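> what follows is a predicted structure for the sequence shown.
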Amino acid sequence: MPHDAAMNHVRAAPPATAAGGVLSRTAFRASFDNVRLAIDKAMLTLGPLELTDEEASSIQIVLAEALNNVVEHAYPANEPGEVKLVLRHGRAGLLIEIRDTGKPMPNGRTPLGTHPSESQPQEPLPEGGFGWFLIRQLARDLVYDRENGENFLIFRMTVGTRAPKAGDTSVAD
Amino acid sequence: MQMTASEVGNTLVVVVDENRIDAAVAVRFKDQMREMTEKPSARVILDLSKVEFLDSSGLGAVVGAMKQLERGRRLDLAGLSTTVDKVFRMTRMDSVFRIFETTDHALQDIAHAS
C-alpha cells in the first residue's frame, strides 16, 4: 500500500540523493489544452532518457491523469489558476512534482484509486473512477501534502534507472 | 472532433481522425458518437488506429458510447495503439469490448460468424 504522508501531516521532501537534477520546470494556466501542451513538452524534455514505448506511455498516462485532475477539481471552471510541473531525474528514476493553489483534496488525502469494479460494484460498465486507479498502478511513492494554500503532489516513475555507461558524467545531486 | 462514418453492409465503421481522445474532447466524442450511431446498425466498429493517446476520460467516453447503443447492437474496437491498448488492459476494460488489430480484421470476423 503506498504510504500517503498527508496522513501524518509530515512535510514531504523528495530524498535529496536519489532525486537527481531538475530536467524542467513549467507553469501554466489550468486547462485541458495546456495539459496536452505540457505533456508534449515533458516528453520532448525526456527524449535524452531514451525511454521505451512502455515507459513513455506510462508517463503520458500518469501526467494526463494527475494534471487533468487539477484542471477538473482544483480550480473553478471560470477561474483557472496556475499549475506548476517539475521533472527531476536521478538514480531513483523520474520524479514528478505537481503544485497548484486550488482547493485541497477532499479529506486532505489522495483517493485510494480502487478499481471501479470495487468502488462501483453495481455498475458493470463504469465510465468514471479510472483516473486514480491508473495513477496508483503506474506511480510509485506518491505523496500529497498541502502547505500555505498550495497542493503538492509528488511521485516517482521507475524509468531511466539503467546504470550509466562508463564516461557518463551525469550524477544525482 | 474529426470523425467519419461509413456503412459496410449492416456494419457502421466510425474512424476517429484525431490523435487523442482525452479529457479535452471526451464529452464531444461521446456526443458525436451518439449522433453518428443514431441510424440503426447491428454492429459498430470504432477505428482508433489514428489515436495515439487515450486517458481515463477517453476510456469513459468509449464505454459511454457503447452504453448509448440500443440493446443488441455491439461496439467493437480496432487499431489500438500501444498507449490506448495499455489503458484498456490496465483497467481491465479490454474484456468489455471485442478488440481487433484493424478494421479489416474486424470486418472479416463477421464474414466468419455462423
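Now that the structure is in, tell me what you want to look at.

> buried set for the lowest-mean-pLDDT helix or strand in chain B?
Counting by mean pLDDT, DSSP states H and E, chain B has its least confident helix or strand at helix B:103-112, which shows a mean of 80. For helix B:103-112, the neighbour count (16 or more other CB atoms under 10 Å in any protein chain shown) marks B:103, B:106-107 as buried. Backbone N, C-alpha and C define where each C-beta goes, glycine included.

> residues in contact with the residue nearest to the spatial centre of chain B?
With distances taken as CA atoms, centre = their mean, B:Leu46 lies nearest the centre of chain B, 2.9 Å away. Contacts for B:Leu46 (CB atoms under 8 Å, 6 or more residues apart in numbering or on different chains) come out as B:14, B:16, B:33, B:62, B:65, B:75-78.

> just those residues: which are in strands?
Using DSSP state E, the members of the contacts of B:Leu46 that fall in strands are B:14, B:16, B:75-78.

> ranking by neighbours, what's the top pick from the residues you listed?
Of all the ones in strands among the contacts of B:Leu46, the highest neighbour tally under other CB atoms under 10 Å in any protein chain shown goes to B:Val16, namely 25 neighbours.

> which pLDDT value belongs to residue 46?
Unless you meant another one, I'm taking chain A. You'll see A:Leu46 listed with a pLDDT of 97.

> think we crossed wires, I meant chain B
98.

> so what's it bridging to?
B:Val14, B:Leu77 (DSSP bridges).

> how close does it sit to A:Leu138?
B:Leu46 is 25 Å from A:Leu138, where distance means CB to CB, to the nearest Å.

> likewise for B:Met90?
8 Å.

> could you find the closest non-adjacent residue to B:Asp47?
Of all residues not flanking B:Asp47 in the chain, B:Val15 sits nearest, at 4.3 Å (CB to CB, 6 or more residues apart in numbering or on different chains).

> which residues does B:Gln32 contact?
Here B:Gln32 is in contact with B:1, B:3 (CB under 8 Å, 6+ apart).

> hang on, B:Leu69 packs against B:Val44?
Yes: counting by CB atoms under 8 Å, B:Val44 is a contact partner of B:Leu69 at 6.7 Å.

> any shared contact partners between the two?
With CB under 8 Å, 6+ apart as the test, B:Leu69 and B:Val44 both reach B:37, B:75.

> of these two, who's got more company?
Higher neighbour count among B:Leu69 and B:Val44: B:Val44, with 21 against 17, using other CB under 10 Å.

> checking the more buried one next. Helix, strand or coil?
Classification of B:Val44 by DSSP: H, G, I helix; E, B strand; the rest coil places it in strand.

> is it correct that it is in contact with B:Thr11?
Yes: B:Val44 is in contact with B:Thr11 according to CB under 8 Å; the separation is 7.3 Å.
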